[in-house]
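1. Got a predicted structure plus its sequence, pasted below:
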Amino acid sequence: MKSPKGSPPPEKDFHLSLLRAYIDSANDGIFVVCDEMKFHVANHLLAEWLGETEKSLTAHKQRLPITRFFGNAESKKLFKDKFQAVLDGKPARFECRLKPKCGEPRWVEISMNKVDIEAGDLVIGVVRDITERREILAEAHHHARHDDLTGLFNRREFERRLNELFESARIRNLRHTLLYVDLDQFKIVNDTCGHMAGDELLRQIAARTHKQVRKKDTFARLGGDEFGVLLENCQMEQALEIAEKLRQSIAGFRFKCNDRLFDISASIGACEITQATESPATILSNADTACYVAKDKGRNRVQLFYGGRDYMLNRG
């Protein structure tokens, strides 16, 4: 029976209308799902994010599961685990990635709680878009680990990874190699054409040479014209082959500045990381020493660190 014209609606209808107006005006996505994770309610904003309508999400006997809208198996598993915890009476808040077929991908924070009603258990969730925040954090994380000039890893990240390889060699008896790369003609370019030209040379060298190492390896700018390469799980024979490819790549490059061409080359010192290695600082020192010997022998060459008296005899 309808209310007489001009009279207020029944209290129940009024409260439902007010609740609906609230969830549809919210700046966050809001959903209600059953214990099978299928939609019973989705506000306009969430339906828009998912590239659907509320009707398509909540149609009787055709309700869609919320899990179909997650970006990958990891996000789907995370949601299922948190959902089960909510059903067990533990409220949840977590971050995951939405990637609907007909909507924009986005990072979201989801908060969920269980509601007990006569018809069964329902879970109410609030979905907050945190894409911008995640992008800012990702950019900050990238800058903390990478060199601004070349885009390679920076010295801090290089040393962190060097420590990890040192520990894996010490504990698990793995073998790695460090290559210490020093450009031979960098000072000439800097003195002749200025620091901006020197910076451009470093950018071009980085873009040219990082392709010579394997994807799992670490290529970093250590400072100035010095670079470091960590070759993980790499026997010395293969490491020297990679070092030679790096040397050839740099030696085959001619840098042009103000109508002048500069022949560029590099001296490379190689040092093995084994269970017998004393410390990360020793590794860096030994590779640097080998690089110095390569320069002393005429530059544009790869020099393996031998250590001890044998190494000193090899210097000549």
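-> Cool, the structure landed.
2. which other helices and strands contact the host helix or strand of residue 164?
-> Using DSSP states H and E, residue 164 sits within helix 155-172. Packed against helix 155-172 by the contact rule (3 or more C-beta pairs under 8 Å, 6 or more residues apart in numbering; DSSP states H and E) you find helix 131-145, strand 176-183, strand 218-223, strand 226-231, strand 266-273, helix 280-296. For every residue, glycine as well, the C-beta is placed using N, CA and C.
3. Can you convert the ones you listed into CSV and add a column each for distance to residue 114, mean neighbour count and mean pLDDT?
-> Below are those laid out as CSV (distance: least, C-beta to C-beta, whole Å; neighbours: other C-beta atoms under 10 Å; pLDDT from 0 to 100):
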stretch, distance to residue 114, mean neighbour count, mean pLDDT
helix 131-145, 27, 12, 95
strand 176-183, 50, 26, 97
strand 218-223, 46, 21, 96
strand 226-231, 49, 25, 97
strand 266-273, 52, 26, 96
helix 280-296, 50, 19, 95
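4. on that earlier part again, quick check: angle from the helix holding residue 164 to strand 176-183?
-> 150 degrees (axes from the mean of the first three to the mean of the last three C-alpha atoms, to 10 degrees).
5. what pLDDT, on average, does helix 155-172 get?
-> Averaged over helix 155-172, pLDDT sits at 97.
6. hmm, back to that, pipe the helices and strands packed on helix 155-172 into JSON lines and attach distance to residue 194 per row.
-> JSON lines is the format used below for the helices and strands packed on helix 155-172 (distance: least, C-beta to C-beta, whole Å):
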{"stretch": "helix 131-145", "distance to residue 194": "26"}
{"stretch": "strand 176-183", "distance to residue 194": "16"}
{"stretch": "strand 218-223", "distance to residue 194": "19"}
{"stretch": "strand 226-231", "distance to residue 194": "20"}
{"stretch": "strand 266-273", "distance to residue 194": "21"}
{"stretch": "helix 280-296", "distance to residue 194": "24"}
